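Visitor: When you get a sec, could you give me coordinates for this:
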Amino acid sequence: MKLASKIKDKNNQILGQKLRARRKDLDLTQSQIALVVGCSPQQIQKYEVGNSNISISVFLKICRALRIHPNRFFSNISFSEEPGTSYNEDLEKTLVAAFRAVENEKVRERIVNLVESLVAVADLEET
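Guide: The predicted structure is shown next:
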């Protein structure tokens with residue numbers, strides 16, 4: 001067995017955890033989801049722990065079974081190849097909404113300067 005196949009993909013783990021949480025919220029079993037999806041309960045378990053990649057078609061079937069839009073699963077999923085990076089769309093929306101609520105132009109400029117300074121410090125800490 002290759003070493004790469006033993007390493008769980010972090011995004012698969014995050015997605016699997018979210019699928020499992022939603023399934024449990026609905027009081028559904030892995031067997032019930034598997035029946036709708038057309039696979040074994042063991043395969044659903046592999047998806048939930050991040051041991052198996054989910055094809056788009058299977059993912060959409062699971063979303064239908066869980067009565068949830070697929071986009072709900074993608075906050076905190078990393079779209080970057082760099083380890084330790086992640087993108088949080090909800091956090092970004094909150095930041096943008098807060099920024100837009102600021103009417104004073106000078107305060108807005110200070111916010112931008114602050115964020116740019118924080119990014120520069122973070123970049124320095126990474127090197």
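
Visitor: and whichever helix in the chain runs longest, what's its mean pLDDT?
Guide: Scanning the chain for the longest helix, with DSSP state H as the assignment, gives helix 105-126. Average pLDDT, helix 105-126: 84.

Visitor: List the buried residues of it.
Guide: Within helix 105-126, no residue is scored as buried using 16 or more other C-beta atoms under 10 Å. Yep, even glycine has a C-beta here, placed from its N, CA and C like the rest.

Visitor: Give me the residues contacting that helix.
Guide: 99, 102 (C-beta atoms under 8 Å, 6 or more residues apart in numbering).

Visitor: Go again with 6 Å.
Guide: Residues from elsewhere that reach helix 105-126, judged by C-beta atoms under 6 Å, 6 or more residues apart in numbering: residue 102.

Visitor: and it, how far out from the chain's middle?
Guide: Its chain's C-alpha centre and that of helix 105-126 lie 26 Å apart, by C-alpha atoms, centre = their mean, to the nearest Å.
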